[in-house]
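Peer 1: what shape does this take:
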Amino acid sequence: WPLPGRFLGDLELVGWSVMPSLMVVLIFIISGLKLKSDDVAAVLRARAAIGWGLLAILVVSPVLSVVPLRLTFVARELRIGLTVFCTMPTTLSSGVALVSQGGGNAALALLLTVLTNLIAVFSVPFVLGLVLDAADVTISPLPMLAKLVCLILAPLIAGKVGRERSAKFAAFGARRKAEVN
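Peer 2: Residues are numbered from 1 along each chain as shown. Here you go, the predicted model:
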């Protein structure tokens, strides 16, 4: 069925690709549905681990993101891609799944992933603007901030509110949790 796929892939609304944006929104709504307040409260006691995690993900890694820009023997596109990668927060797959597989504290990994992604919605557009300016790449942080708020922050909050207000939504989120062995 390539024709419907091409149509949906090319569909745009106010300059945003509809299907990829919709998929991101759904991921974060479900993430909010799965976010248990009790798990967050239990992990909050690990203040040193939370502090180091936030510092490493939101400060150390973005500061080190200038290193790939100095690798003149690497193609410009790859240098910029590595720089962008270094400024981004941890994802659910690397931040939670790998920690779980390694026998680490999955609840702490989830908390750090959620916290860093929430903070990054506001910090990444400006950090990228500063870092990429050295590579003669210009970005506009405010439209990026608006898109991150619409695609990540608002759906995550909607899912969390749905979980807290509705047993049906909470059950839906619980059923969407993949068990890691």
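Peer 1: could you give me the average pLDDT of the helix or strand containing residue 38?
Peer 2: Taking DSSP states H and E as the definition, residue 38 sits inside helix 37-43. Mean pLDDT, taken over the full extent of helix 37-43, equals 77.
Peer 1: other SSEs contacting the helix or strand following that helix?
Peer 2: Following helix 37-43 in sequence order, the next helix or strand is helix 47-55 (DSSP H and E). For helix 47-55, the elements it packs on are helix 106-133, judged by 3 or more Cβ pairs under 8 Å, 6 or more residues apart in numbering; DSSP states H and E. From N, CA and C alone the C-beta is placed, and that goes for glycine too.
Peer 1: pull out the buried residues from the helix holding residue 38.
Peer 2: residue 43 (16 or more other Cβ atoms under 10 Å).
Peer 1: also stretch 87-95?
Peer 2: Buried, per 16+ other Cβ under 10 Å, within stretch 87-95: 87-90, 92, 95.
Peer 1: from those, which two are the most distant?
Peer 2: 87 and 92 (17.9 Å; Cβ to Cβ).
Peer 1: now the residue nearest to residue 109 when sequence neighbours are not counted: which helix or strand?
Peer 2: Nearest in space to residue 109, with sequence neighbours left out and distances taken as Cβ to Cβ, 6 or more residues apart in numbering, is residue 99 at 3.8 Å. Using DSSP H and E, residue 99 sits within helix 98-101.
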